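In: okay, predicted coordinates and the sequence, questions at the end:
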Amino acid sequence: MSAARILIVEDEDKLRRVIQLHLTTAGFDVDTAPSAEQALPYVNLADLIITDLRLPGITGMALIQEAQSRGSLAGIIVITAHGSVESAVEAMKLGASDFLQKPFSLDHLTTIVQKALAIHSLKVENRRLRDELDQRYRFDSIVGRSAAMREIFQTVSRVAPTRTTVLLAGESGVGKDMIARAIHQNSPRKNHPFVKINCTALPENLMESELFGYEKGAFTGASVNKPGKFEQADLGTVFLDEIGDVPGNIQVKLLRILQERQFERLGSNVTRSVDVRVIAATNVNLRAALEQGTFREDLYYRLNVVPINVPPLRERKEDIPFLAIHFVEKLAKELGSPVREISPGAMDRLVDHSWPGNVRELENTIERSIVLAGGPLLEAADIRIETPRESRAQAASAQQPLLPEGVTLEQWEQMMIREALRRANGNKSQAARILGLTRNALRYRLSQIGIEGAGVDEEE
């Protein structure tokens, strides 16, 4: 590995020669100049610049500004006379990494130089990551260098110009929303609406009217005609997030949209046509839902024309440094933060974490760390990763039987379902949330135990 190159700018000949001899003996390549004008040809060659602030002609402060304007990544140490600390502080605001106050010891000089070179090395590595990110590992706002992500980039670039339906699968937080938007933005529909529909957030009894609209008088409170999400997205893209939570009666209408591009508003017999591209996403196994009978097979195959499986972040850790650099650049600008670089120790902490919340959790962690950081460099101590506290009760229960004595798994499941319904006062949607199930999955289990619809209120 080549020695670091240091540029010394000092008009005092004796001091300049002493520093040169000391650093050359320490194994560094050293260039010297008695003035800023003579130093300029060496600025972009240097890993570190040591400059006096008071120089004949161009000042040391102006030299720092010139180095910054040339895009130099060199660390900068300023030499200042006793009583001129204010000038050194001003120089550090312009980009200097440290200062030496005359007179100084050579041991102190060595310590400051080593520290400044470490910062320079960090800047160079961060710049390398940024350059690689810009050249090869970014597709719109999607970032990654892993083989899986590069394959996704290729698929997105090929499918985007078409009107083909796409099904995105992956855990919550992996970036399915960003991929859907990238497909839209790189398609001929990019100047038309992109309408996202969170199927989980829509109450079951309002889903049809929200998706397909309604006519005046269709139900109590329907005082005007209202177009649905699909009409609003005409000529654009509809993104159906969490498609696995759509109830059966709506699945039939979605199938018709995909097959015929037609629908009727709630309370109307008039058939309407719409030109939309459909992208769907799920964080559940739709094949398992097919086997349970909670998801229509014909709808699944209509949606699954081009499947894109997005792997969790823990399976593509080589993407983490690039994502971290991307989020630091993005969030520091949005937050007005001085943070610009990530230290190797901080990056190691990010790479070592398992990220159960995937890319969304990583972005939130970077934002929190930037807000609470103490300077322009994110250190390992600045990385605030939320880790769930281990439950002592869970540890103790590991020694206990999983089921009450004399109770089968099937009986226990039925007991839990009945208890959830009791706590929800018969509301299936609320009971499903208590159990951590989709409404369709709960409906299937209710039919299996013979209490489908019995005294169950569908109202939200």
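Out: Sure, I can see it.

In: please count neighbours and contacts with C-alpha atoms only from this point.
Out: OK.

In: on the three-state scheme, the nearest residue to Tyr444 once chain neighbours are set aside is what?
Out: Of all residues not flanking Tyr444 in the chain, Thr294 sits nearest, at 6.4 Å (C-alpha to C-alpha, 6 or more residues apart in numbering). Of the three states, Thr294 takes coil under DSSP: H, G, I helix; E, B strand; the rest coil.

In: list the residues that contact Thr294.
Out: Neighbour list for Thr294: 248, 440-441, 443-444 [criterion: C-alpha atoms under 8 Å, 6 or more residues apart in numbering].

In: put the buried members of those residues into a ChimeraX selection.
Out: The buried residues among those can be selected in ChimeraX (16 or more other C-alpha atoms under 10 Å) with this line:
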select :440,441,443,444
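
In: and the contacts of Thr294 as JSON lines, adding distance to His108 and pLDDT?
Out: Formatted as JSON lines, the contacts of Thr294 follow (distance: C-alpha to C-alpha, whole Å; pLDDT from 0 to 100):
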{"residue": "Gly248", "distance to His108": "75", "pLDDT": "89"}
{"residue": "Asn440", "distance to His108": "70", "pLDDT": "77"}
{"residue": "Ala441", "distance to His108": "69", "pLDDT": "80"}
{"residue": "Arg443", "distance to His108": "74", "pLDDT": "80"}
{"residue": "Tyr444", "distance to His108": "74", "pLDDT": "77"}
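
In: tell me the backbone dihedrals of Ile79, please.
Out: For Ile79, the backbone dihedrals (degrees, to the nearest 10) come out as phi -100, psi 130.

In: pretty sure it sits against Phe99.
Out: Yes. Ile79 lies in contact with Phe99 (C-alpha atoms under 8 Å); the separation is 5.8 Å.

In: what touches both of these two?
Out: Common neighbours of Ile79 and Phe99 (criterion: C-alpha under 8 Å, 6+ apart): Ala88.

In: so which of the contacts of Thr294 are in strands?
Out: Judged by DSSP state E, the subset of those located in strands is empty.

In: closest to Val274 among the contacts of Thr294?
Out: Using C-alpha to C-alpha, Gly248 comes nearest to Val274 of the contacts of Thr294, at 21.8 Å.

In: hmm, that closest one is touching Glu297, no?
Out: No. Taking C-alpha under 8 Å as the definition, Gly248 is not a contact partner of Glu297, at 11.3 Å.

In: ok, the residue lying closest to Ile449 once chain neighbours are set aside to Lys115 distance?
Out: Here the nearest residue to Ile449 in space, its sequence neighbours aside, is Gln414; by C-alpha to C-alpha, 6+ apart that works out to 7.3 Å. According to C-alpha to C-alpha, to the nearest Å, Gln414 and Lys115 sit 65 Å apart.

In: Ala169: neighbour count?
Out: Neighbourhood size, Ala169 [other C-alpha atoms under 10 Å]: 21.

In: so where do the helices sit in the stretch 351-460 of the chain?
Out: Counting by DSSP state H, counting those that start in this stretch, one finds helices in the stretch 351-460 of the chain at the ranges 358-372, 392-397, 409-423, 428-435, 439-448.

In: reformat the ones you listed as a markdown table; add distance to His326.
Out: Compiled in a markdown table, these are given as follows (distance: least, C-alpha to C-alpha, whole Å):
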| stretch | distance to His326 |
| --- | --- |
| helix 358-372 | 9 |
| helix 392-397 | 38 |
| helix 409-423 | 44 |
| helix 428-435 | 35 |
| helix 439-448 | 38 |
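
In: to Glu204, which of these lies closest?
Out: Closest among these, using C-alpha to C-alpha: helix 428-435, at 8.0 Å.

In: now do that closest one: distance to the chain's middle.
Out: 30 Å (C-alpha atoms, centre = their mean, to the nearest Å).

In: what's the mean pLDDT across that helix?
Out: Averaged across helix 428-435, the pLDDT comes to 82.

In: who does that helix touch, helix- and strand-wise?
Out: Contacts defined by 3 or more C-alpha pairs under 8 Å, 6 or more residues apart in numbering; DSSP states H and E place helix 428-435 against helix 409-423, helix 439-448.
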